Every structure is written in C-alpha cells, then in structure tokens.
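1. Need a 3D model of the following:
(chains A and B)
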Protein chains: 2
Amino acid sequence: MSYYNNPGGYRPPPQSQGSQYGAPPPGYGQQGGPPPGAYGQVGGYQYAPPQQNRPPAAPQPPPGADQQLYFWFQAVDTDKSGALTTEELQKALINGDWSPFNIETVRLMMNMFDTDNTGTITFQEFAGLWRYIEDWKKCFQTFDADGSGTINFAELKNALRTFGYNLSDNFINLLIKKYDKYGGKKNAGKGDVTFDNFVQSCVTVKTLTDAFRRYDTDNDGWILINYEQFLELVVNNR
Amino acid sequence: MSYYNNPGGYRPPPQSQGSQYGAPPPGYGQQGGPPPGAYGQVGGYQYAPPQQNRPPAAPQPPPGADQQLYFWFQAVDTDKSGALTTEELQKALINGDWSPFNIETVRLMMNMFDTDNTGTITFQEFAGLWRYIEDWKKCFQTFDADGSGTINFAELKNALRTFGYNLSDNFINLLIKKYDKYGGKKNAGKGDVTFDNFVQSCVTVKTLTDAFRRYDTDNDGWILINYEQFLELVVNNR
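-> Below is the predicted model:
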C-alpha cells in the first residue's frame, strides 16, 4: 500500500445535478436571449427557427451545447468577446451564500480549464469548468454533514480522508486556518470554509501530493530534494 | 561559503525617498484634514492649535507620526474604523502606472505587518508597511535599468543575484512567467513584471529560501523531507 493510502487518487463525484452552489444568480441566464424552450430540440441538438420577421439574432449556442449555460456565459461575457477573462469568470462563479469566488480559486479554475493557454475561457472550456464545479458542489454538500453551508474541521478531515489523504489533525488545522482567512482572521480556525475555499484547499492538497509523489519514487513518504528543485516545485504549484 | 551564496540574506535598501511607486494618487492625502503645514511642528512632533472656534476636529495623528501619511491612512480607511482591511489597504497601494497592487501582494503585506494578528492594519503597522514599500520602490528603480517601469528577465536576474540568490536562468524564467501573468498570458514571458509582482516574487524567493534553509542543517543545498513536512512548508508559505 502506498504511504499516502490513496491508491486511486481523489476525485469529486462524477455526476452532478443543479443546486445553489456555483449557480447563476436569479434572473441571469434568461437574459440576452429567448426564454428556455423557445427553440426546439432534436436529439439533444438545438436549432433556431427561421430568421425572417425577427429582431437581430442573439448569439446562438454551438450545436450540442447546454442552452441555459450558453446564455449564462453570454451574460457574464460583458465585453462580448466570446471568451471570459478572469474578472468575467469570477462573476460567473458564486458560493452558496451568493458571494463571488475568491480570485485565487478563479485563477486556479482558469489555469485548469484554459486548455489553449490564451488567458481566457471559451464557451467550450467554460462548459468543462462548469461540470467540474457541479461535481464539486455535490461533493461539498455530501461533506457538509450539518448542512451549515460551510465546512468545519471534522467535515474537512472526513472529506480528505475519503479522498484518500492520510493527514494529521495538525495539518488539517493549518488548512482550515489558511482557507478560512478570507472570513477574517478573528474567525480563523472556527472552520467556516466556504465552497470556493473548500475547492481550493482540496485542489491544493491534490496538486502538492502529486508533485511530492513525482519525487518519491520509492514511495516511502520521504524525498531528497535540492534547493532549486524545491523552489521550482513550490512556485509551479501556486 | 553557503550553498546559496547569500551569507547576509537579502534586504532592500534601508533608506527611502518619495517617488511615484506606492505613492497616493493625486488629490489624496490632503483630503479629510487640514492642508500640509497647517499644524506646527516642534522637534519632529506635531501639535494641533486650540480647538475653539473650529469645526469638529479631524482625527489627529499620533505623536511623532508622519502627518501626510496619517491623512492618507484616514482617506483610505473608508469605514473610519481606525484600521485598514485588506480591501482598504489595496486602495492605498499603487503601482507606478497607478494600477492597484494585486490582491496577493496586499495579503502578503498584510500578513507581514499585521503584527497583532487582528486581520487589519493599524496606523502604527501601516507606517512600518509604508517604509517597507518605500524601500522596495528605491530597490525597484535601481534594478529597472532601462527605466521602463517594469522589470524584465535581465533586471530580475540582476536583482536576485545582488540579493545573494544563486538561481538558474530556467528558474528566473519560471518566476517571470508566474509573476507576469496578471498582464495577460499572451504577454507572459516578455518580462513586464510590475512593482507589486516584483515585490511578490522577491519576497517569495526569500521566504522559500528561509524555509528551505531551516531544513538544510548541513548547508549543502539538499534536504530530506517527509510528506507532511513538505505540505506544511508549502501551505505555510503561500
């Protein structure tokens, strides 16, 4: 067995349903286009009715795209460039209490899903990101055992153990302290980790564990690393 | 000689003069209080004239405080709480091109100077922070050899070598790529590192080097570190 007790690696639940985390604020998603259902659907593809006698066409979702999601994308693409900047993406990503995601988590998402490395998110990339967030939402709700809308020490410990990470209470406390900080230092340690910070802390543990493992070739939980390798490893993972 | 070739550690120049980096935007600092010079100065201390026949008193700077700096502090303390939140502090910290500091650098400063750990910056703490920024400004201007207002690869390499860090071109390139990212990925690697990102990258190299050294007891540039020590070290330094 691996030192980390995590043979399969962690993953958020594969399937997702709608819920309040990460969902567009009320009233969004319907604006800037026809109401849901205005277009017919054939075999999962949408097509638009003939254009004659109609006002100038709103941008159409690509074939096969989720219509709601496409109009939501349009609504936050305020400069109508067809791609979201970090700031536009932040407006699209909402916590359970309607607060926007902290900018670090938005950058994390941007880096993960900006696959063509343009610094912006196309609709195609956004759709992948959205599914990922939906999966995390389900995950968050599963581990938020008391339904408080935030994750406390015991819930984070349970989540990370379930993902296969073998971590001490000391380290979980450090994570809570770090990822609880946006709520104000005075409340730090109380464990009110919001959805965005929960995702950020779990992704951090995953990427750091993956990075450590690449050095831990004999899988004994210890690595020998030199100064510049260490600097590179840390800078690459922040 | 140490592996790092950095016996004394790095430090920004100790003395500082005013300049455009980090300076309050025009019009600030004079608002919310009497114009500069309205109060007499005796031996470096300020005192206020008698209060009779005057409008309600503006908050007075503490004895010995820099008057300009105090009124600038008042101007950004928008909720008049007597202490700056991270968001208020961000408004006080300006790059050479008048753009606000990125929030990560603001948090870095907050963590360094919030000595009583309240999550806010008192005027006393702010004065220390300001001197620190002024020192960095001088430092930035010294290394911005072409006077472009940003730091490029050669300039960053020179700065880090002067601070005593023995780093490869590869790693400097990684730093440039990381700390240039807020200018948009398309320009990444061209080396337009602004003042805030320059400070962030230098402080990052310093804190990571210090952290590495605590493990490198025989000073040979290699450390043996276990999984949780590694996680703690990285999470503590971000």
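
2. Now stretch A:192-207: average pLDDT?
-> Confidence for stretch A:192-207, expressed as mean pLDDT, is 90.

3. swap that for stretch A:87-94, sorry
-> In this model, stretch A:87-94 carries a mean pLDDT of 89.

4. check whether it contacts chain B.
-> No. In this structure, stretch A:87-94 remains apart from chain B according to CB under 8 Å from any CB of the partner chain; the gap is never smaller than 11.0 Å. All C-beta atoms are positioned from the backbone trio N, CA, C, and that covers glycine.

5. where does chain A have low pLDDT?
-> Scanning chain A with the threshold set as pLDDT under 70 gives A:1-59, A:181-191.

6. So in it, which strand runs the longest?
-> strand A:222-226 (DSSP state E).

7. What strands line up against that one, and which way round?
-> Next to strand A:222-226 in the sheet, as set by DSSP bridges, lie strand B:222-226 (antiparallel).

8. And the contacts of the strand it pairs with?
-> When contacts are taken as CB atoms under 8 Å, 6 or more residues apart in numbering or on different chains, the neighbours of strand B:222-226 outside the stretch itself are A:G221, A:W222, A:I223, A:L224, A:I225, A:N226, A:Y227, A:F230, B:F212, B:Y215, B:D216, B:L233.

9. Okay, strands next: where are they in chain A?
-> With DSSP E as the criterion, chain A has strands at A:40-42, A:45-47, A:83-84, A:121-122, A:222-226.

10. Got the phi and psi for the closest residue to A:Q124 other than its chain neighbours?
-> With CB to CB, 6 or more residues apart in numbering or on different chains as the measure, A:P62 is the residue that lies nearest to A:Q124, at 7.5 Å, once sequence neighbours are left out. According to degrees, to the nearest 10, the main-chain angles of A:P62 amount to phi -60, psi 150.

11. ok, now how distant is A:P62 from chain B?
-> 24 Å (CB to the nearest CB, to the nearest Å).

12. Is there a neighbour count for that residue? I'd like the number.
-> 13 (other CB atoms under 10 Å in any protein chain shown).

13. Max pairwise distance over the contacts of strand B:222-226: which two?
-> The two members of the contacts of strand B:222-226 with the most space between them (CB to CB) are A:G221 and A:Y227, at 21.3 Å.

14. neighbour-wise, which of these two wins?
-> Under the neighbour definition other CB under 10 Å, A:G221 and A:Y227 were set side by side, and A:Y227 has more, 22 against 17.

15. could you list every residue that touches A:N197?
-> When the contact criterion is CB under 8 Å, 6+ apart, the partners of A:N197 are A:N102, A:T105, A:Y179, A:D180, A:Y182.

16. try it again with 6 Å
-> Residues in contact with A:N197, defined by CB atoms under 6 Å, 6 or more residues apart in numbering or on different chains, are A:Y179.

17. how about the longest strand of chain A: buried residues?
-> Using 16 or more other CB atoms under 10 Å in any protein chain shown as the burial criterion, the residues of strand A:222-226 that qualify are A:W222, A:I223, A:I225.

18. Chain B contacts on chain A?
-> For chain A, the residues found near chain B under the criterion CB under 6 Å from any CB of the partner chain are A:103, A:119, A:171, A:174, A:178, A:184-186, A:208, A:212, A:221-222, A:224, A:226-228, A:230-231, A:234-235, A:238.

19. quick one: which of those residues sit in helices?
-> A:I103, A:F171, A:L174, A:K178, A:L208, A:F212, A:Y227, A:E228, A:F230, A:L231, A:V234, A:V235 (DSSP state H).
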